[in-house]
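*Asks:* Coordinates for the following, if possible.
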Amino acid sequence: MKVKKVLTLAIIAVCSMGMVSCTAETKKTEQVMAQEKTTYQKKYTNADFYKDGKFDQEAAKKAFLDMFDFYGVPFTPLMEKDIWFTDFGLGDFEHVGMGGIFWINDPEYGYFAHNIYLLPGQMIPEHAHVKTKFPAKHESWMVNHGWVYNFSELGNETPNAPEVPASHGPIKSKNFVVQKVGDVLRLKQLESYHFMMAGPEGAIVEEWACYHDNDGLRFTNTKAAL
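*Replies:* Numbering: from 1, shown residues only. Here you go, the predicted structure:
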């Protein structure tokens, strides 16, 4: 009887160890899966964004909705109505393009609120805002999700810069900082050239500024257009 009892206890112990091992392994797998989900991953290429050589707005919308879902950003009726997507006419939305929404752009009171949406590695073309019948636009930015390289033509050239897409061409802005969630930066000088490029996680950026007059927008690449 004692031998049988000992064997029974040993079997129970082995099974318990196996259960603990399985539970630990399951938790480890869940942790790895959760860790893999902590950063947004690039999922779309130009093959998804162009049909018969034409920019596909619905494909762009699908890509951004996927990123919004990952970051927990609600897609509101106002966004559905007013959000826009552009490849700036350069035909390379995967690398040069953006989504955006103008929450307010008021010429009478001279203020502007904007959200900038960038897919992983996506760049806004280098540009400046010059004075028209309205003052030259001054702007500030805060990153809410992901991160960006924030470039300016002012300051010394920063080493180890990301590669600028060939579809964009040469740039004037060689100084950059990595702008992370919660960081607030402002345009260094009125009418200076600048641009953003998202890191590999994409980016959602708030912008606050003076009134945005599209007539005052100047791109380095003269083929680019908003």
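*Asks:* mind checking the SS state of the closest residue to residue 88 other than its chain neighbours?
*Replies:* Of all residues not flanking residue 88 in the chain, residue 224 sits nearest, at 4.3 Å (C-beta to C-beta, 6 or more residues apart in numbering). Backbone N, C-alpha and C define where each C-beta goes, glycine included. Under DSSP: H, G, I helix; E, B strand; the rest coil, the three-state class of residue 224 is coil.
*Asks:* ok, residue 224 to residue 41 distance?
*Replies:* According to C-beta to C-beta, to the nearest Å, residue 224 stands 28 Å off from residue 41.
*Asks:* higher neighbour count, these two?
*Replies:* Each of residue 224 and residue 41 has its neighbours counted (other C-beta atoms under 10 Å); residue 224 has more, 22 against 12.
*Asks:* does that one really touch residue 92, like I thought?
*Replies:* No: counting by C-beta atoms under 8 Å, residue 224 does not reach residue 92; the two are 10.7 Å apart.
*Asks:* for the record, mean pLDDT for the host helix or strand of residue 176?
*Replies:* Per DSSP states H and E, residue 176 falls inside strand 175-179. Across strand 175-179, pLDDT averages out at 98.
*Asks:* Going forward, count from 11.
*Replies:* With the count now opening at 11, the last piece we talked about shows up as strand 185-189.
*Asks:* Can you name every helix or strand that it contacts?
*Replies:* Under the contact definition 3 or more C-beta pairs under 8 Å, 6 or more residues apart in numbering; DSSP states H and E, strand 185-189 sits against strand 149-162.
*Asks:* Would you mind listing the buried residues in the strand it packs on?
*Replies:* Buried residues in strand 149-162, defined by neighbour count with 16 or more other C-beta atoms under 10 Å: 149, 151, 153, 155, 156, 157, 158, 159, 160, 161, 162.
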